[in-house]
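Please find the sequence and the predicted model below.
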Amino acid sequence: QKEVEQDPGPLSVPEGAIVSLNCTYSNSAFQYFMWYRQYSRKGPELLMYTYSSGNKEDGRFTAQVDKSSKYISLFIRDSQPSDSATYLCAMKKGSSASKIIFGSGTRLSIRP
Amino acid sequence: NAGVMQNPRHLVRRRGQEARLRCSPMKGHSHVYWYRQLPEEGLKFMVYLQKENIIDESGMPKERFSAEFPKEGPSILRIQQVVRGDSAAYFCASSPPTSGSTDTQYFGPGTRLTVL
């Protein structure tokens, strides 16, 4: 079993829709949770960074963490064609510098 | 403020040759991480370095792979005697000295290695 599970998609939605992306994980030691966006043949770009359970909002993006269920989500409101990319959930155990464990990524396509 | 720099962006090697990948962290960052991404997969941690020290190499293959981050100059990921299975995108990330706050890792554009 992988430490982090993520549906690879692809996920295709019309412009303006609300997108929900999810990951589950098995290791309760994870404390810090991130979402990265990766455009084709580019490096990952950090979108959201959250600690422990709860919600965090930044513009059209909302990250949710439910540690009791070992489940994290990213919501994108008013989706735009420019949001089309692969979204990678990621997590790590400590606040100090340490390795990040990534999900395999969900490929998202926003149809104009 | 320049981001993480990696070069070359594309590297082609024949089986048995050596590959050297370079990474210059963001200004002020002293921690460097290397990750490998196979096609259609997420990123897999390889190694975490600080200047002149390897902190965590738990993701490095036991043979042919090595990494360094010298006092001066970029971090180098070295792959000796490459095989076709080494073909992948190799990403470098950097983070600032730990301050107790979020030590976010910022990624470079990657080096795409193709082994013929």
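All right, it came through fine.

Identify the residue spatially nearest to B:R64, adjacent ones excluded.
Spatially, and ignoring its direct neighbours in sequence, B:R64 is nearest to B:Q80 (4.7 Å; Cβ to Cβ, 6 or more residues apart in numbering or on different chains). (Each C-beta comes from the backbone N, C-alpha and C, glycine too.)

burial measure for the nearest residue to B:N53 once chain neighbours are set aside, as a count.
For B:N53, ignoring the flanking residues on the chain, the nearest one in space by Cβ to Cβ, 6+ apart is B:F69 at 7.6 Å. Using other Cβ atoms under 10 Å in any protein chain shown, B:F69 has 24 neighbouring residues.

could you measure B:F69 against chain A, distance?
B:F69 sits at a distance of 13 Å from chain A (criterion: Cβ to the nearest Cβ, to the nearest Å).

For that residue, grab phi and psi.
When quoted as degrees, to the nearest 10, the phi and psi of B:F69 stand at phi -140, psi 90.

So which residues on chain B come close to chain A?
By the rule Cβ under 8 Å from any Cβ of the partner chain, the part of chain B lying against chain A is B:4, B:31, B:33, B:35, B:40-45, B:48, B:55-56, B:58-59, B:91, B:93, B:95, B:98, B:100-110, B:112.

Quote the end-to-end distance of stretch B:37-44.
End-to-end distance of stretch B:37-44: 6 Å, with Cα to Cα, to the nearest Å as the criterion.

The residue nearest to B:R64 and chain A, how far apart?
According to Cβ to the nearest Cβ, B:Q80 and chain A sit 23 Å apart.

A:A17 against A:P81, yeah?
No: the criterion here is Cβ atoms under 8 Å, and A:A17 misses it with A:P81 at 11.7 Å.
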